[in-house]
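1. Just to be clear, the model below is a prediction. Sequence and coordinates:
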Amino acid sequence: MSRSTDHQRSVYFVDAAHFVFNCDLGFLWCFTRVFVRAPSGRQRWNVVGALNAITHELITVTNETSSTAEDVCQLLHKIAAPHVAQARTVVLDTARYQRCAKVQACAQM
């Protein structure tokens, strides 16, 4: 049974990670105490990424503020660019900024 290329699609799984700029040493034995200067507050490196289920290609959008619907829309545009004539399935997280009306409208384009 042969497969037609008309029925192939790209499948991406989307999720976000929020890395905190901080130093967590945990337990450490040493003769002298060492203090490592680290940024104060809740500074983060936010990454919204999409992983292709077949090729394992990773597409990302990053920032240092917060993840928003704009970031998800930007990611959807990056996903769509190489697959203009191909069907796409994008599995999103249940985060509020990933399921809002703005993202749903962007996904329809």
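-> Perfect, I can see it now. Residues are numbered from 1 along each chain as shown.
2. Mind checking the pLDDT average for stretch 71-89?
-> Across stretch 71-89, pLDDT averages out at 90.
3. Can you name the next helix or strand after the top helix by length along the chain?
-> Using DSSP state H to define each element, the chain has its longest helix at helix 69-80. Once the chain leaves helix 69-80, the next helix or strand it forms, by DSSP states H and E, is strand 87-91.
4. Give me the contact list for that next one.
-> Applying CB atoms under 8 Å, 6 or more residues apart in numbering, the external contacts of strand 87-91 come out as 8-14, 50, 76, 79-80, 107. Glycine gets a C-beta too; all of them are placed from N, C-alpha and C.
5. could I get the residues you listed as JSON lines with secondary structure and distance to residue 61?
-> Converted to JSON lines, those look like this (DSSP: H, G, I helix; E, B strand; the rest coil; distance: CB to CB, whole Å):
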{"residue": "8", "secondary structure": "coil", "distance to residue 61": "26"}
{"residue": "9", "secondary structure": "strand", "distance to residue 61": "22"}
{"residue": "10", "secondary structure": "strand", "distance to residue 61": "17"}
{"residue": "11", "secondary structure": "strand", "distance to residue 61": "19"}
{"residue": "12", "secondary structure": "strand", "distance to residue 61": "13"}
{"residue": "13", "secondary structure": "strand", "distance to residue 61": "15"}
{"residue": "14", "secondary structure": "strand", "distance to residue 61": "10"}
{"residue": "50", "secondary structure": "strand", "distance to residue 61": "9"}
{"residue": "76", "secondary structure": "helix", "distance to residue 61": "10"}
{"residue": "79", "secondary structure": "helix", "distance to residue 61": "10"}
{"residue": "80", "secondary structure": "helix", "distance to residue 61": "13"}
{"residue": "107", "secondary structure": "helix", "distance to residue 61": "15"}
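6. Turn those residues into CSV, including neighbour count and distance to residue 69.
-> Converted to CSV, the contacts of strand 87-91 look like this (neighbours: other CB atoms under 10 Å; distance: CB to CB, whole Å):
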residue, neighbour count, distance to residue 69
8, 10, 29
9, 10, 24
10, 19, 22
11, 13, 22
12, 22, 17
13, 14, 18
14, 19, 13
50, 22, 15
76, 22, 10
79, 19, 15
80, 16, 16
107, 15, 11
